[in-house]
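1. coords below, sequence missing:
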């Protein structure tokens with residue numbers, strides 16, 4: 001990455017200038033060079049991420065206005081900063097992959113999700129589901145394991161992992177995953193409820209996560225949810241009046 005190379009190059013140049021030219025001892029030269037390099041790295045990183053976030057905000061506005069193709073082009077334009085800042089390319093790929101996935105364009109989403117950012121738990125979940133649908137159970141599990149490793153406080157992620165394990169016929173492993181999730185999130189009612197449901201031989205209930213669950217396209221919105229949404233809309237109208 002350019003910012004790392006520039007920062008290290010600057011540190012080496014300052015060190016040599018102080019050690020060779022100025023005649024300072026090597027440890028003093030090093031102590032003076034390192035803070036400058038770290039400060040330069042921070043400034044470059046902040047500048048790059050400011051530009052990336054500005055692009056993502058513009059893309060978000062496009063998506064909200066249903067200008068999906070334009071929004072994707074905006075996100076793709078941010079990829080040029082991947083040469084400057086670590087993880088930028090992965091974050092951009094995750095965002096693009098999620099957009100295509102939510103549009104149900106799964107084949108187009110897949111390569112973006114594969115190159116996504118491991119800390120974006122929703123994108124990792126979508127990637128794991130994509131592996132599941134391709135009958136790559138080992139890849140599904142490996143992806144979920146990596147996702148929960150870096151996003152252990154996400155209740156839906158643990159439930160999603162368990163749900164997919166049940167779908168692939170491994171209810172025993174699903175129970176273990178929910179138990180691990182409860183250790184990370186003690187008292188989480190949704191994890192506890194689904195663990196109890198599996199122990200009783202019942203299906204997991206995921207719809208209480210609302211739209212966050214529906215974005216994974218593993219279940220269709222029920223008529224009840226549609227009625228609830230319509231009812232909420234009617235209540236808003238009444239309040240406005």
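-> Thanks, I have the structure now. All of these numbers come straight from a predicted model, not from anything done at the bench.

2. Show me where the protein has its strands.
-> For the chain, no strands turn up when DSSP state E is the criterion.

3. Confidence-wise, which helix or strand of it is lowest on average?
-> When the helices and strands of the chain are compared on mean pLDDT, DSSP states H and E, helix 223-240 comes out lowest with a mean of 47.

4. Need the residue closest to the centroid of the protein.
-> The residue lying closest to the centre of the chain (CA atoms, centre = their mean) is residue 120, at 0.9 Å.

5. Just to check, that one is in contact with residue 91?
-> Yes: between residue 120 and residue 91 a contact is recorded at 6.9 Å, counting by CB atoms under 8 Å. Quick note: C-beta positions are derived from backbone N, CA and C, even for glycine.

6. Check the spacing between the spatially closest residue to residue 157 that is not a sequence neighbour and residue 46 real quick.
-> Nearest residue to residue 157, sequence neighbours excluded (CB to CB, 6 or more residues apart in numbering): residue 121, at 4.9 Å. For residue 121, the distance to residue 46 equals 25 Å [CB to CB, to the nearest Å].

7. what about those two, which has more around it?
-> Neighbours were tallied for residue 121 and for residue 46 using other CB atoms under 10 Å; the higher tally belongs to residue 121 (22 against 11).

8. sorry, back to before: quick one: contacts for the residue nearest to the centre of the chain?
-> The neighbours of residue 120, taking CB atoms under 8 Å, 6 or more residues apart in numbering as the test, are 90, 91, 94, 95, 98.

9. quick one: which of those residues is most hemmed in?
-> Note: the member of those with the most neighbours is residue 94, at 26 neighbours, neighbours being other CB under 10 Å.

10. thinking again about what came up before, against residue 111, how distant is the residue nearest to residue 157?
-> Taking CB to CB, one finds residue 121 at 19 Å from residue 111.

11. What distance do you get for the residue of the chain most remote from its centre to residue 16?
-> Most distant from the centre of the chain: residue 23, at 49.2 Å, with distances by CA atoms, centre = their mean. Note on residue 23: its distance to residue 16, by CB to CB, is 12 Å.

12. repeat for residue 146
-> When CB to CB is the yardstick, residue 146 and residue 16 sit 41 Å from each other.

13. Name the residue in these two with the higher neighbour count.
-> With neighbours defined as other CB under 10 Å, residue 146 and residue 16 compare such that residue 146 has more, 16 against 13.

14. could you pull out the helices for the chain?
-> 2-16, 26-64, 68-77, 88-102, 106-114, 121-133, 137-150, 155-167, 171-184, 189-199, 211-214, 223-240 (DSSP state H).
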